[in-house]
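Colleague: Okay, predicted coordinates and the sequence, questions at the end:
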Amino acid sequence: MDVFSDVPLQRLNTFALKVRAACLVEYDSSAELEEIDFKVLPQPVKHIGGGSNLLFTGDFPGTLLHSRIRFIKPVEMQEYVLVKVGSGVLWDDLCAWAADHGLWGVENLSLIPGEVGAAAVQNIGAYGAEAADVIESVEVYEPATKAFSVIPAADCAYGYRTSRFKEQWKGKYIVTSVNIKLSKEYSPRTEYGNVRSALAERYGELEMDNLTPSRVRETVIAIRRTKLPDPKEVGSAGSFFRNPIVSKEAYRHVEEVAAREAIGDVPHYNMGDQIKIPAAWLIEKCGWKGKTLGNAGVYPKQALVIINATGEATPAEILALEKAIVESVRNKFAITLTPEVEHI
Ligand code: EPU
């Protein structure tokens, strides 16, 4: 375990904001976690993952906890393989491991930044798949009672980019490992967006019944690289906003605005009584794509991504851009975007 004081956080947030934390504790095992006396640490205490879905709104006065529990251990092998994965494992290392072993389930989630523990809190998703599809249970530690327990996925209330860990259990548990069920059975998911066409282009139409987790993984990686910034090059936290899910009435209003302004058809996905509209489209149609405000900007290839355009952005500049985008989308379309990125 390592304890650091007055720590620069540039390497702990993919926005690469130059902020600091009063204290950082990085631990390597559940046993070390149990040794930590939370009461004596600078408050508040906040657990972080890879810092890829966080916006530090300023220097952090308390303690950041970070897991370095890193193992991938198959625990059950049937027609499926159950793997126990330490919370500090990079999510994409798990995806690479699964692909190398010919196992299905996480290939569509390749190259998502962040760590396994955070993935189980946030229910990361991409290309028609989400972490909840494969999570069997989540192993946690509760600092208040010093108890370890295993929470079945069914009790985690997984939804679009959310779970109980983000809502009523916020701050209650620390994820130590996640049990993930991968499949040996041929089960590619190619329906989202251009995944199918990208696979066919890469491997040939004749190979479409002969896919492997590695092939899907490589294709998803290629798609992501064309659309999303590499955090090593341009600071960002991926999608900054959630895709809004609105009433049919609210959707009709967007259609009316689009017709009046001749800005094209409104992309949308029906979800029962409600309709999901890509936030990227709303933002782009407000003229934000590729625009900057001070040192913060909207990524030119994906309007849902706010970037640290010059590397020198301050939290205030990111927040100012967020506010300006929310206001213009509200003024034009009467929809209020909510951030997907957690503000600390
Ligand atoms: N679109 C635009 N302008 C753009 C980009 C997209 O109009 O600049 C419209 C297009 O109509 C496109 C639609 O938005 O068809 C959807 O775009 P895309 O498939 O790129 O996905 P998204 O809804 O913008 C979501 C996730 C991403 C994930 C992709 C792919 C959220 C908040 N974001 O984005 O997740 O990679 O789907 O599955 O759900 C993340 O969470 O950090 C993240 C990157």
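Modeller: Now that the structure is in, tell me what you want to look at.

Colleague: near the ligand, anything from the longest helix seen in the chain?
Modeller: Identified as the longest helix of the chain according to DSSP state H is helix 315-333. No - Helix 315-333 is not in contact with the ligand by C-beta under 6 Å from any ligand atom; minimum separation 12.4 Å. Quick note: C-beta positions are derived from backbone N, CA and C, even for glycine.

Colleague: Give the other helices and strands that the following helix or strand past that helix contacts.
Modeller: Downstream of helix 315-333, the next assigned helix or strand under DSSP states H and E is strand 342-343. Here strand 342-343 touches strand 54-55, going by 3 or more C-beta pairs under 8 Å, 6 or more residues apart in numbering; DSSP states H and E.

Colleague: Name the surrounding residues that touch the strand it packs on.
Modeller: Applying C-beta atoms under 8 Å, 6 or more residues apart in numbering, the contact partners of strand 54-55 are 13, 15, 17, 48, 237, 315, 318-319, 339, 341-344.

Colleague: Need these in CSV (columns: distance to residue 106).
Modeller: CSV is the format used below for the contacts of strand 54-55 (distance: C-beta to C-beta, whole Å):
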residue, distance to residue 106
13, 24
15, 25
17, 29
48, 22
237, 21
315, 32
318, 30
319, 33
339, 25
341, 22
342, 22
343, 28
344, 27
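
Colleague: Name the nearest of those residues relative to the ligand.
Modeller: Comparing the contacts of strand 54-55 against the ligand with C-beta to the nearest ligand atom places residue 237 closest, at 7.0 Å.

Colleague: tell me the secondary structure for that closest one?
Modeller: Under DSSP: H, G, I helix; E, B strand; the rest coil, residue 237 falls in the strand class.

Colleague: Skipping adjacent residues, who's closest to it in space?
Modeller: Computed as C-beta to C-beta, 6 or more residues apart in numbering, the closest residue to residue 237 that is not its neighbour in sequence is residue 341, at 4.5 Å.

Colleague: In this structure that neighbour contacts residue 240, no?
Modeller: Yes - using C-beta atoms under 8 Å, residue 341 is in contact with residue 240, at 5.3 Å.

Colleague: In terms of packing, which of those two has more residues around it?
Modeller: For residue 341 versus residue 240, neighbours defined as other C-beta atoms under 10 Å are more numerous around residue 240 (26 against 20).

Colleague: List the residues that contact the nearest residue to the more buried one once chain neighbours are set aside.
Modeller: Spatial nearest neighbour of residue 240, excluding adjacent residues (C-beta to C-beta, 6+ apart): residue 306 at 4.3 Å. In this structure, residue 306 makes contact with 236-237, 240, 296-299, 318, 321-322, 325, judged by C-beta under 8 Å, 6+ apart.
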